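1. Kindly return the folded structure for what I paste below:
(4 chains)
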Number of protein chains: 2
Amino acid sequence: MSCDTELSELLRSRGFRLTPQRHAIMHLLKASGKHLSPAEVYEQAHQSVPGITEATVYRTLDFLTENGVVQPVLNENRHLVYEISDHHHHHLICSTCRAQVDIDPKPLQKAIAGLESQTGFRINAGHITFFGLCPACKKEQEELQS
Amino acid sequence: MSCDTELSELLRSRGFRLTPQRHAIMHLLKASGKHLSPAEVYEQAHQSVPGITEATVYRTLDFLTENGVVQPVLNENRHLVYEISDHHHHHLICSTCRAQVDIDPKPLQKAIAGLESQTGFRINAGHITFFGLCPACKKEQEELQS
DNA sequence: TTCAGTGCAAAAGATTTGCAACCTA
DNA sequence: TAGGTTGCAAATCTTTTGCACTGAA
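-> Next comes the predicted model:
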């Protein structure tokens, strides 16, 4: 999803409409460059489309997800957030202290490409999150157990 | 996390207590063999620990997550669910029709092992979910766009 | 005995729904 | 125009919190 025209055509080809609300939400997610909660999306969308409601935000987020424009992700607080699908990056979150670190996407891309050919799926792998233990918490845990 | 004794020792070593509630929730997640929503966990836990409350379920799920016993996952309806961490399997979910398919874990394990040595994290990769388009929905979309 | 953990109950938050009006294609 | 979308408002569902009491170690 690289530009408005592209989204517009994608939607029209499926019989959907490009409304100001949909445009605003897609645009703001792209511009923010990070994942946003529905409440954050609402807050920002409200600035360009003053009459927008939370119900519309939820419906639009569902709609954009089903059409592959955005994707749902669990954030560091285990809440559902959304981000634009072309925003390629992956990260690790520490289950204990919630620290985050970005990771090199290449090794995963390779594994994912293999899965695509095995399953026939087109995988939306713009963002993958792993949970685990960061080095500090891992060390702490090991010391406690010894 | 393979048996009660193991969990018990893990908790004790960190100054935590093994309560009937924690035991029941861990046990039921292990026995179910799949991911459960907090409401489902509550419903099931209520049978072995009649007095348990939803607040305790939420607190226990947080607690078990922080200690690596369970992990949070987004289910096919984009709701937060939990599953036991030793339950190794990965799957794909179609964003459009929500079909699910299990995938071979091996290629991912390799990529993950690489990430662990790069980052120093211990990754809890028992369950990884990708969103994407299943073959049928992919085909349908391609036909619409041509 | 101690203090981590629980139940209770209420508050706060998040998400969904029906329906009439609206506006994109 | 037609029918996909939205706003509104209420209902529903989910998650969090403070506090006193309980029970595991």
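2. Residue numbers of chain A in contact with DNA strand C?
-> A:8, A:11-12, A:17-20, A:37-39, A:54-55, A:58-59, A:62, A:80 (Cβ under 7 Å from any atom of the strand). Using the backbone N, CA and C atoms, a C-beta is placed for each residue, glycine as well.
3. Which members of these occur in strands, if any?
-> For the residues of chain A next to DNA strand C, membership in strands holds for A:L80, with DSSP state E as the criterion.
4. what's in contact with the helix or strand hosting A:I112?
-> Secondary structure assignment for A:I112, by DSSP states H and E: helix A:106-119. Residues outside helix A:106-119 that contact it (Cβ atoms under 8 Å, 6 or more residues apart in numbering or on different chains): A:90, A:121-123, A:125, A:128, B:92, B:101, B:103-104, B:107-108, B:110-111, B:114-115, B:130, B:135.
5. show me which of the residues of chain A next to DNA strand C neighbour DNA strand D.
-> Applying Cβ under 7 Å from any atom of the strand to the residues of chain A next to DNA strand C, those adjacent to DNA strand D are A:11, A:17, A:19, A:55, A:59.
6. show me the contacts for the closest residue to A:R12 other than its chain neighbours.
-> Nearest residue to A:R12 in three dimensions, chain neighbours excluded: A:L18, at 7.2 Å (Cβ to Cβ, 6 or more residues apart in numbering or on different chains). Taking Cβ under 8 Å, 6+ apart, we find A:L18 in contact with A:7-8, A:11-12.
7. Just the buried ones from those residues?
-> Neighbour-count burial (16 or more other Cβ atoms under 10 Å in any protein chain shown) applied to the contacts of A:L18 gives A:7, A:11.
8. Reformat the contacts of A:L18 as CSV; add pLDDT.
-> Shown next, in CSV, are those (pLDDT from 0 to 100):
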residue, pLDDT
A:L7, 71
A:S8, 74
A:L11, 79
A:R12, 80
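9. Narrow the contacts of A:L18 to those in helices?
-> A:7-8, A:11-12 (DSSP state H).
10. Among these, which one lies nearest to A:S48?
-> A:L7 (15.9 Å; Cβ to Cβ).
11. Would you confirm that the closest one contacts A:M26?
-> Yes - counting by Cβ atoms under 8 Å, A:M26 is a contact partner of A:L7 at 6.1 Å.
12. any idea of the pLDDT on the nearest residue in space to A:A136 that is not next to it in sequence?
-> Of all residues not flanking A:A136 in the chain, A:C97 sits nearest, at 7.1 Å (Cβ to Cβ, 6+ apart). Per-residue pLDDT puts A:C97 at 86.
13. Quickly find the element holding A:C97.
-> Taking DSSP H and E as the definition, A:C97 sits outside all helices and strands.
14. Go through the ones next to DNA strand D among the residues of chain A next to DNA strand C and name the one nearest chain B.
-> Closest approach to chain B among these (Cβ to the nearest Cβ): A:L11, at 10.6 Å.
15. from memory that closest one sits against A:N67, does it?
-> Yes - counting by Cβ under 8 Å, A:N67 is a contact partner of A:L11 at 7.2 Å.
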